[in-house]
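Asks: here is a sequence with its predicted model. Questions after.
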Amino acid sequence: MNTPSILLLDDDPEVGLAAQLLLQRRVAPITCLRRPAELMAALDRLQPGLLLLDLNFGPGRTDGAQGLRLLDEVQARAQPPCVVVMTAYADIALAVQALKRGAYDFITKPWDNVKLIATCREAIEQAQPASAPADTATVPGEPLRSLAAQERAALLAAITEAQGNLSAAARLLGLSRAALYRRLDKHGL
């Protein structure tokens, strides 16, 4: 994989076009798919550095189950790409589930262009094996994540554990409510 590329799986052709127009020149070449059944063959053929994965396919689906199942299948591959999940029906519990299953990050649609570009650049950079120093101590089987992605995951996990109570989540994190609000704003939560 000399030149990193992006593969997008989203059943909405307008989302695919918007992502292509935004990311093609600013991040990396991008290929768009609309049908989940095409995903595994496309991963084999293209070997992308990044997979942008929608969590819901088909009308009326909002629970993310289809996308989480695909995420599990992708993560079970010998050399999975870095995965950023996307959905218009986001909730904190779903984001935490996706991150625990190996997603690099979680983007809500409609996305913020600057944040999507930055997330894609970080994910592709993280996915390139040459960029990781050989002496870095890591937990076997755990993907490397940026500090920002780790902070975002910790925020989501604390809010989930506190059942949405921000005061309790702030206490769990050892933060003031004001500090928690700043961090939530920083991560677009």
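Replies: Cool, the structure landed. Numbering: from 1, shown residues only.

Asks: just the buried residues of whichever strand or helix holds residue 74, please?
Replies: Under DSSP states H and E, the secondary-structure element containing residue 74 is helix 65-75. Of the residues in helix 65-75, those scored as buried under the neighbour-count criterion (16 or more other Cβ atoms under 10 Å) are 66, 67, 68, 70, 71, 74. C-beta: built from backbone N, CA, C; applies to glycine.

Asks: the residue nearest to the spatial centre of the chain: what's it in contact with?
Replies: For the chain, the residue lying nearest the average C-alpha position, counting by Cα atoms, centre = their mean, turns out to be residue 84 (2.2 Å). Listed by Cβ atoms under 8 Å, 6 or more residues apart in numbering, the contact set of residue 84 reads 50, 51, 52, 53, 103, 104, 105, 106, 107, 119, 120, 123.

Asks: need the contact partners of the lowest-mean-pLDDT helix or strand in the chain.
Replies: For the chain, counting by mean pLDDT, DSSP states H and E, helix 147-161 ranks last in confidence among helices and strands (a mean of 79). Residues outside helix 147-161 that contact it (Cβ under 8 Å, 6+ apart) are 92-93, 95-96, 99, 104-106, 122, 145, 166, 169, 172-173, 180, 183-184, 187, 189.

Asks: now swap in stretch 70-82 and tell me
Replies: Outside of stretch 70-82, the residues that reach it under the criterion Cβ under 8 Å, 6+ apart are 7, 9, 36, 39-40, 43, 47-51, 53, 83, 85, 98, 101-104, 123-124, 126-127, 143.

Asks: from the contacts of residue 84, pick the one nearest residue 20.
Replies: Proximity to residue 20 was ranked across these by Cβ to Cβ; first place goes to residue 52, at 10.6 Å.

Asks: with adjacent residues omitted, what lies nearest to the closest one?
Replies: Across the structure, with Cβ to Cβ, 6 or more residues apart in numbering as the measure, the residue nearest residue 52 apart from its sequence neighbours is residue 8 (4.3 Å).
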